[in-house]
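Asker: mind folding the following:
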Amino acid sequence: QRQSVSKYRQIGLGVMGIADMLIKLNIRYGSDEAVKLCEELSNLMLNEAVRQSSLLAKEHGTFEMYNEEAIFNSKFFINNVNNEVKELVRKYGLRNSQLLTIPPTGSISTMLGISGGIEPMFNLSYFRKTESLHNEDVFYKVYTPIVKDYMDINEISNEEELGDIFVTAMNLKPEE
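Answerer: Numbers count the residues shown, from 1 in each chain. Below is the predicted model:
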């Protein structure tokens, strides 16, 4: 593991909470506006990650297996990294071989009560059963945190009254 870290210096910068962000911005998940915003954020994230890796390479050197030719022949790099950042990479190289490997965020997002990645929320609510608290089976309706917050703020008591910004995996079209 030590050798792999030295040779490649891989890090993961991922996304978490996209569905929640879109709801808070009043943008419907899967809409053209949402796709455009996510593309802009992705491009910004990529260019800043590459910029910072290059600046770290200036200070600490490139990762051991750095290959400038491979980087500059990469269609992904050529098509997505802006010219200013490309010049930094040409001058200093990169400290990290991988920057945007999306790390798993399931546990962290659950702890924070937000959507786990770029996916839409799975459902607005679900039922949970407890057997031990009441000596009988009792069912509780549990809302996804952003749904519950929105309903409380807007004094909504029925999830059927939520607007179309509340898209779930169950009602999203595959094309979206």
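Asker: how far away is the spatially closest residue to Tyr143 that is not a sequence neighbour from Tyr29?
Answerer: Using C-beta to C-beta, 6 or more residues apart in numbering and skipping the chain neighbours, the partner closest in space to Tyr143 is Ser125 (4.6 Å). Glycine gets a C-beta too; all of them are placed from N, C-alpha and C. Distance of Ser125 to Tyr29, computed by C-beta to C-beta, to the nearest Å: 17 Å.
Asker: so between those two, which is more surrounded?
Answerer: Remark: of Ser125 and Tyr29, Tyr29 carries more neighbours, 25 against 14, as counted by other C-beta atoms under 10 Å.
Asker: hey, C-alpha coordinates of the helix or strand of the chain with the lowest mean pLDDT in PDB?
Answerer: Using mean pLDDT, DSSP states H and E, the weakest-scoring helix or strand in the chain turns out to be helix 106-112, at a mean of 80. The C-alpha coordinates for helix 106-112 follow below in PDB (Å, rounded to 0.1, in the frame of the first residue of the first chain):
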ATOM      1  CA  GLY A 106     -23.300   6.200   2.000                       C
ATOM      2  CA  SER A 107     -22.500   6.200   5.700                       C
ATOM      3  CA  ILE A 108     -21.400   9.900   5.900                       C
ATOM      4  CA  SER A 109     -24.500  11.100   4.000                       C
ATOM      5  CA  THR A 110     -26.800   9.000   6.200                       C
ATOM      6  CA  MET A 111     -25.200  10.500   9.300                       C
ATOM      7  CA  LEU A 112     -25.600  14.000   7.800                       C
END
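Asker: chain center to that helix: distance?
Answerer: Put simply, helix 106-112 sits 12 Å off its chain's centre (C-alpha atoms, centre = their mean, to the nearest Å).
Asker: now the element after the top helix by length along the chain, going C-ward?
Answerer: Using DSSP state H to define each element, the chain has its longest helix at helix 32-60. Toward the C-terminal end, the helix or strand that comes next after helix 32-60 (DSSP states H and E) is helix 68-72.
Asker: pLDDT wise, what is the residue of the chain most remote from its centre at?
Answerer: Most distant residue from the mean C-alpha position of the chain: Asn135, 41.4 Å away (C-alpha atoms, centre = their mean). Each residue has a pLDDT score; the one for Asn135 is 76.
Asker: no further questions, thank you.
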